[in-house]
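Sequence plus the predicted model coming up.
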Amino acid sequence: MINGNPIVQMRKVSKRFGKIQALDKVDLEIKRGEIIGLLGANGAGKSTLLRCIIGLYLAEEGECVTFETDAGELSPKELGRIGYVHQEGELLGWMTTKQLIRYVSAYYENWNHELEEQYIEDFDISLKDRVGSLSPGQRQKLAILLAIGFEPELLILDEPASALDPIARGQFLDLLLEIIQDENRTIIISSHILSDVEKVIDHTLIMRKGSVLRDCSFDSLREEFVRFTLTCLDGPLPTELPFENVISCQKSEGRAVMTVQNYSQEMLEAEAKALNCEIEIRPLSLEEIYKIVAS
Amino acid sequence: MLLEIDHHSGVPIYRQVIRQIRQQIMTDGLKHEEQLETVRDLAARLKVNPMTISKAYSFLEAEGLVERRRGVGLFVAKVKKGQRDRIRAELLDSIVDKVAIMAIQLGVSEDEAIESLKRHYEEYNSRNRR
């Protein structure tokens, strides 16, 4: 069943730590079934935002409603529908991996043991090691298992893949795509490794200095910016090129490399034809888009 | 339904899906009345978000290339002749356009370019007839 109500709803949420305005009147709505990429520089407010959603931090102003409950009042029942992987990944170091998995899974009636076994095999998790002696990457893998084992409806991943090696990262992204095949589930993932998240996300949230700069579907963000090379078929290009919303432009005699906003491929091709130019169009990567939006 | 998704090309995945299915319908790789894979199955197989696939399918439906049968699924529609011609011209034009530009840039004459196209066309065509 797909419920039309948003899972998370923030209205004018502000949060301050001393002099730092970590969140500044953030409005936000998160719908079911999305994989949301939360992007932003260090200190942009990503982790604060995520923690407000699950009531770890309380908003000083405004309101944050998660699962139709004020985030500060979430009961164990609602919290049991949320999986959270912490940036620092604090786990109980004195237990062995196996003990910790048993300990955590005991809290959830709906713990999926089959998924657990599969994960342990796929991600090569050693059960006998003490959690405290694990490498950062292994610890992160374990933290992810503990967050997905009960198949939460809302999975919040704060920099989950930063310590994973490229192969484990690839497996991890595949895992997210498997999870999202169940349309009732939602994932929010904050990450610096943009080339990774761009494979899986369908919605983008870009933050800077406590504000949300962009909140839109990844497809529309992708189609908003485009880079192209114009090569004139006879002689030099005109000095004035007829493009608006130019983000960057490099020109030499008969060629120009430009990045523009809000042009469709068809529009660019028509312009190029009118200029008697060849055009080579290239979509931008998420990293390039991010640099434009966040700068 | 054989589709190949490039996650790194920067082209939105729904567009890749639309383009490939459209091309398969136009070249009879997918035949009239053939059923499309369900959103769920295709999404799972391609490892993409189901919403991406349903978005692509709705575009194809709006274009009239596929039709929804309530409770059954999506099927390749009968494409009207006018539309078929239009899409066919679009697909071909986009490539011929590049050929024309390349020929001009290389200083190849119109006759030479046409000659070259003919040669290639006949080469493939005779192979197909065999």
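Okay, I see it. Numbering: from 1, shown residues only, chains lettered A, B, ... in the order given.

so what does whichever strand or helix holds residue B:58 touch, helix or strand wise?
Using DSSP states H and E, residue B:58 maps to helix B:50-63. For helix B:50-63, the packing partners by 3 or more CB pairs under 8 Å, 6 or more residues apart in numbering or on different chains; DSSP states H and E come out as helix B:13-26, helix B:39-46, strand B:66-69, strand B:73-76. No exception for glycine: its C-beta is placed from N, CA and C like everyone else's.

So for the next helix or strand after the last one, mean pLDDT?
When you say that, I think you mean strand B:73-76. Reading on from strand B:73-76 to the C-terminus, the next helix or strand found by DSSP H and E is helix B:81-106. Across helix B:81-106, pLDDT averages out at 90.

pull the longest helix from chain A.
Longest helix in chain A, counting residues (DSSP state H): helix A:166-180.

Buried residues, that helix. List them.
Going by neighbour count (16 or more other CB atoms under 10 Å in any protein chain shown), the buried part of helix A:166-180 is A:168-169, A:171-173, A:175-177, A:179-180.

any idea of the pLDDT on residue A:180?
Confidence at residue A:180, expressed as pLDDT, is 83.

The nearest residue to residue A:97 once chain neighbours are set aside: how many residues sit nearby?
Nearest non-adjacent residue to residue A:97, counting by CB to CB, 6 or more residues apart in numbering or on different chains: residue A:127, 5.1 Å away. If you count neighbours by other CB atoms under 10 Å in any protein chain shown, residue A:127 ends up with 11.

what does the stretch 101-250 of chain A have sitting close to chain B?
For the stretch 101-250 of chain A, the contact set with chain B under CB under 8 Å from any CB of the partner chain comprises A:174, A:177-178, A:180-181, A:183, A:195, A:198-200, A:202, A:218-219, A:222-223, A:231, A:233.

ok, the residue in chain B that chain A sits nearest to - how many residues close by?
Chain A sits closest to residue B:10 of chain B, with a gap of 3.2 Å, by CB to the nearest CB. For residue B:10, the count of nearby residues is 17 (other CB under 10 Å).

Farthest from the middle of chain B: give me that residue.
residue B:107 (31.1 Å; CA atoms, centre = their mean).

got a list of what residue 7 touches?
Since no chain was named, I'll use chain A. Counting by CB atoms under 8 Å, 6 or more residues apart in numbering or on different chains, residue A:7 touches A:30-32, A:66-67, A:153-154, A:186.

hmm, I had chain B in mind actually
Counting by CB under 8 Å, 6+ apart, residue B:7 makes contact with A:198-199, B:13.

which SSE is it in?
Applying DSSP H and E, one finds residue B:7 in no helix or strand.

From residue A:248, how far off is it?
Remark: distance between residue B:7 and residue A:248 (CB to CB, to the nearest Å) = 25 Å.

For the nearest residue to residue A:51 once chain neighbours are set aside, give me the pLDDT.
Excluding the flanking residues, the one nearest residue A:51 by CB to CB, 6+ apart is residue A:57, at 4.3 Å. We have a pLDDT of 92 for residue A:57.

picking that back up, for the longest helix of chain A, give me every contacting residue.
For helix A:166-180, the external contacting residues (CB under 8 Å, 6+ apart) are A:33, A:35, A:119, A:122-123, A:137, A:141, A:144, A:148, A:151, A:155, A:160-161, A:164, A:185, A:187, A:189, A:193, A:196, A:199-200, B:44, B:47-50.
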